[in-house]
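Novice: based on what follows, work out the 3D shape:
(4 chains)
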Number of protein chains: 2
Amino acid sequence: MGKGPWLDEDEQKAWRSYLLMHRTLETHLERHLQREFGMSKSDFEILVNLSESESGRMRAFELGRATQWEKSRISHHLSRMEKRGLIRKEACDSRYPEIVITEEGLAAIKACAPAHAARVRQFFVDVLGTDRMIALGEASDEIVETIGKHCDADCPPEVRGQG
Amino acid sequence: MGKGPWLDEDEQKAWRSYLLMHRTLETHLERHLQREFGMSKSDFEILVNLSESESGRMRAFELGRATQWEKSRISHHLSRMEKRGLIRKEACDSRYPEIVITEEGLAAIKACAPAHAARVRQFFVDVLGTDRMIALGEASDEIVETIGKHCDADCPPEVRGQG
DNA sequence: CTCATCTGGTTGATGTGTCAACCCAGTCGA
DNA sequence: TCGACTGGGTTGACACATCAACCAGATGAG
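Specialist: Have a look, this model is predicted:
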């Protein structure tokens, strides 16, 4: 109907395979995290970052940098997580609060991380094998870098940042 | 703090590079689609599928199969798109309605598809080059197939489908 | 000092995705 | 013929993401 395709055949095929793969993998990981541990991918991401820090406490904007979320998303999500007892906001420098992982939050991530890692191994690491996996990592870095360069050069500043 | 990491160093590095790449690329493509053409990724996906069909008309469940969305998401989104005039629901077999792309919808996708394809070329096709691109496509297919097999074998049926 | 600007963060409105429940027309078995 | 089941589809409630507007200190120029 619309006369496409706008990519040629090889490009189309690789691109769509890639998109389908990402969607499938993401959906699968997310569903299991949700079903087995009642945790969303977003919760997981925040808790991973907090639990990897020395002290289990970070400023919200550090979490923003780490996750690449925009600040309002961080703020909203941290509020929800606080309500669920996974984190706590502590006023320390009498200004911006620090985000602290709670006992409950730490327990939650320790409970689900091994199963999650196992799935990543099963469907990503093991299927690709070491060489292809490393190659994909490098290719990914190149893409990120290219987009970064492009934005430095071309984009109006609001497009660049994450909010 | 939490004693991670749960993946070893190489695995961790490749996996995180991959995740960052996908998020960066997706965000970038989506933002430009939104800013330049006022179209969301979801709208785009539906319109691409409709515009590629012979007649510009499909049943909702076909769109579901094509996009891998669950049926309620399809239903909700089609309602919104109808309200915006991009598609129309037509009763034909006196039962399930057919989804038809409107003039406006067709114009919209024709307007934005070339720019979108150009971006995919710029940040995916060109950065990878032909060989790596094809390799990634094949690797993607393997991952999808592996997840598919795993689910056939292991998962309770509700985990499998998309609704 | 004062005013403008920046940064980190919050808020509310709105659009979107997900889940569970439901509807309805076939279909199939008894 | 009747009742259970199935498949395509809708709905409502809720969780989540995004955007724009806003607030409060800090910084810096006049």
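
Novice: tell me which element A:E90 is part of?
Specialist: A:E90 is part of strand A:87-91 when elements are defined by DSSP states H and E.

Novice: distance of A:T24 from DNA strand D?
Specialist: 19 Å (CB to the nearest atom of the strand, to the nearest Å). (Glycine included, C-beta is placed from N, CA and C.)

Novice: does that residue touch B:E142 like I think?
Specialist: No: using CB atoms under 8 Å, A:T24 makes no contact with B:E142, being 11.6 Å away.

Novice: looking at the two, which one has more neighbours?
Specialist: Ranked by neighbour count (other CB atoms under 10 Å in any protein chain shown), A:T24 and B:E142 place A:T24 first, with 20 against 15.

Novice: in chain A, which spans are strands?
Specialist: Taking DSSP state E, the strands of chain A run over residues A:57-59, A:87-91, A:97-101.

Novice: what's the most buried one of those strands?
Specialist: Per residue and on average, the most neighbours among these fall to strand A:97-101, with a mean of 20 (mean count of other CB atoms under 10 Å in any protein chain shown).

Novice: show me what that strand pairs with in its sheet, parallel or antiparallel.
Specialist: With DSSP bridges as the test, strand A:97-101 is paired with strand A:57-59 (antiparallel), strand A:87-91 (antiparallel).

Novice: how close does A:R35 get to DNA strand D?
Specialist: Using CB to the nearest atom of the strand, we find A:R35 at a distance of 14 Å from DNA strand D.

Novice: so what's the gap between stretch A:97-116 and the chain middle?
Specialist: Averaging C-alpha positions (CA atoms, centre = their mean, to the nearest Å) puts stretch A:97-116 16 Å from its chain's average.

Novice: ok, that stretch near DNA strand D or not?
Specialist: No: contact of stretch A:97-116 with DNA strand D is not found when judged by CB under 7 Å from any atom of the strand; the minimum separation is 12.7 Å.

Novice: you'd agree A:T67 is up against A:N49?
Specialist: Yes: counting by CB under 8 Å, A:T67 does reach A:N49; the two are 6.7 Å apart.

Novice: for stretch A:140-148, list the C-alpha coordinates in PDB.
Specialist: Taking Å, rounded to 0.1, in the frame of the first residue of the first chain, the C-alpha atoms of stretch A:140-148 are listed here in PDB:
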ATOM      1  CA  SER A 140      27.000  -1.300  21.100                       C
ATOM      2  CA  ASP A 141      29.600   1.100  22.500                       C
ATOM      3  CA  GLU A 142      30.200   2.400  19.000                       C
ATOM      4  CA  ILE A 143      26.600   3.100  18.400                       C
ATOM      5  CA  VAL A 144      26.200   4.900  21.700                       C
ATOM      6  CA  GLU A 145      29.300   7.000  20.900                       C
ATOM      7  CA  THR A 146      28.000   7.800  17.400                       C
ATOM      8  CA  ILE A 147      24.600   9.000  18.700                       C
ATOM      9  CA  GLY A 148      26.400  11.000  21.400                       C
END
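
Novice: report the buried residues of stretch A:127-137.
Specialist: A:127-128, A:132-137 (16 or more other CB atoms under 10 Å in any protein chain shown).

Novice: now the strands of chain A as CSV including mean pLDDT and distance to DNA strand C?
Specialist: As requested, the strands of chain A are exported to CSV (pLDDT from 0 to 100; distance: least, CB to the nearest atom of the strand, whole Å):
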stretch, mean pLDDT, distance to DNA strand C
strand A:57-59, 95, 4
strand A:87-91, 93, 6
strand A:97-101, 96, 6
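
Novice: in a markdown table, list those along with distance to B:D8.
Specialist: A markdown table is the format used below for these (distance: least, CB to CB, whole Å):
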| stretch | distance to B:D8 |
| --- | --- |
| strand A:57-59 | 24 |
| strand A:87-91 | 28 |
| strand A:97-101 | 24 |
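
Novice: just so I know, which of those lies nearest A:I147?
Specialist: Taking CB to CB as the criterion, strand A:57-59 is the member of the strands of chain A that comes nearest to A:I147, at 25.8 Å.

Novice: if you tally nearby residues, what's the number for the residue nearest to A:E30 when sequence neighbours are not counted?
Specialist: Nearest residue to A:E30 in three dimensions, chain neighbours excluded: A:K41, at 4.8 Å (CB to CB, 6 or more residues apart in numbering or on different chains). Per other CB under 10 Å, the neighbour tally for A:K41 reads 13.
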